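K.L.:
Could you look at this predicted model? Sequence included:
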Amino acid sequence: MQTIALTGNDWTVPVSIPSGARLYWLLFGFAFCISSFVLVEPAPVDAVMLLLLALGTVMGTVRLAAISIVPTILLTGLALANVVSISLAADPARAAWYFLVTFYLMTSWALCIGALDVGGMPLLQVVFRGYSFAALISVALALASYFHLIGFQSYLLLYGRPKGLFKDPNVYGPFLVPIAVMAITGCLPINSRFWQACMAVVASLGIALSYSRACWINYVASLALFVVLDLVLPSRSPEAHSVSLSRVFLFGAVASLAVLAILQVPSVQTMLTVRLGQGGMHDYDQIRFQTQRMAVQAAIDHPLGIGPGQSEATFQYATHSSYMRVLSENGLFGLCCFVGFALASVIQAVRKACLAETAAWRGLFVASAACICGQLINSGVVDTVHWRHFWILLALPWIPARVWSSSNENPAPGFDLTDRRRTQ
């Protein structure tokens, strides 16, 4: 085992890692670099995450014992609700597969917490470097195709809307929201204002041109809630306030100007007219609402649920709501566990923001709470249960206290430990 300590302007929490962990961390970062490449299922990132879990348990770079009991109980309840409802499914094979995907995402949530318990802020920086790279590549490809600078419209667009390497613009847009919020508020764990400004602009452009109405609300709500929480939540010291409002307004203004400039393009204005016409409502919205009413009735008729992944076959249409999907497929108990887990994560993020002793950690927890709330709003009109980035976001509030409770003010400027090692 080696013990390193990051000094100077870096995070000073000693991080104990076994030999070879640097390669493991880089593999972790690689997983997030390819996290936006999800045109096929399972996606390449899924194979890497499973490899990371296997290697981590062997190498000691993942500490699953760090996971709190409350989310463990709630997720166990959700898993049990899935298992019970599988026996009631009309298509048991589809139900089993859908549950396995859900269980894999629970596992990825646990993996992130266990790995961050060992890797701390240096690993968190690697994660967000990878995440921001994935966002940058996805937006660049999507917009280049949208404006016909490159081809591949059949792969990068859907019904004329940019979707990058995702299957749906309604997933592509929300994937960018956490990066955009953290970049605008300065809470992205990367010590480069230039990079944060670039990500604020790029992610905001991607969100705007996803033409996802729910994503737009998600973004505005997350950003607004961040500002409100940062202003009203108490802090342990004056230095722990995460950002200045001038920073938010400056970066927000830069991103807004970029969005306003691209809105002057005629093709963009035409698509906006289509998306916002008829008061923002479309004919298929009525079908969605009807499907959700059918989901509620199915939950009344089948209290234990109709089985994981059965909504499309049963209702002939997706529920377009995580809450209605879980309610109809896993019963009221499953819904309570799912919502309870999400709300517990928000509460935990708020609690840790109040206890954080440094601006960086406070900002990260405030951003986590705000973005989870934004995703929960998004979940009301889109199925988000299998969104990979949502489960990663839900892991941040559960980072063990020994990682964040005594850190220096600024994150390390780069993932280079060679000049900062100190044998203890």
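P.N.:
Right, received. Where do you want to start? The structure presented is a predicted model; accordingly, all values stated were derived computationally and were not measured.

K.L.:
residues near residue 88, how many?
P.N.:
When counting by other CB atoms under 10 Å, one arrives at 16 neighbours for residue 88. For every residue, glycine as well, the C-beta is placed using N, CA and C.

K.L.:
If you could redo that for residue 303, that was the one I meant.
P.N.:
Neighbourhood size, residue 303 [other CB under 10 Å]: 9.

K.L.:
residue ranges for the strands of the stretch 1-150 of the chain, please.
P.N.:
Counting by DSSP state E, counting those that start in this stretch, one finds strands in the stretch 1-150 of the chain at the ranges 2-4, 15-17.

K.L.:
looking at those, which one has the lowest mean pLDDT?
P.N.:
Among the strands of the stretch 1-150 of the chain, strand 2-4 carries the lowest mean pLDDT, a mean of 37.

K.L.:
contact partners of the strand or helix carrying residue 267?
P.N.:
Using DSSP states H and E, residue 267 maps to helix 266-276. Helix 266-276 is contacted by residues 147, 160, 161, 209, 211, 213, 262, 263 when judged by CB atoms under 8 Å, 6 or more residues apart in numbering.

K.L.:
10 Å instead?
P.N.:
146-148, 159-162, 208-213, 216, 259, 262-263, 265, 282 (CB atoms under 10 Å, 6 or more residues apart in numbering).

K.L.:
can you give me the end-to-end distance of stretch 344-363?
P.N.:
End-to-end distance for stretch 344-363, by CA to CA, to the nearest Å: 19 Å.

K.L.:
Show the buried residues in the contacts of helix 266-276.
P.N.:
146, 161, 162, 208, 209, 210, 211, 212, 213, 216, 259 (16 or more other CB atoms under 10 Å).

K.L.:
and the two most separated of the residues you listed?
P.N.:
Farthest pair in the buried ones among the contacts of helix 266-276 (CB to CB) is 146 and 213. Separation: 17.9 Å.

K.L.:
before we move on, back to that, out of the buried ones among the contacts of helix 266-276, which sit inside strands?
P.N.:
Taking DSSP state E, the ones among those that sit in strands are 161, 162.

K.L.:
Could you dump the buried ones among the contacts of helix 266-276 into CSV with pLDDT added?
P.N.:
Shown next, in CSV, are the buried ones among the contacts of helix 266-276 (pLDDT from 0 to 100):
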residue, pLDDT
146, 95
161, 95
162, 96
208, 94
209, 95
210, 95
211, 94
212, 93
213, 91
216, 95
259, 87
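
K.L.:
Just the buried ones among the contacts of helix 266-276: which are in helices?
P.N.:
146, 208, 213, 216, 259 (DSSP state H).

K.L.:
tell me which of these is nearest to residue 229?
P.N.:
For those, the residue nearest residue 229 by CB to CB is residue 216; the value is 20.4 Å.
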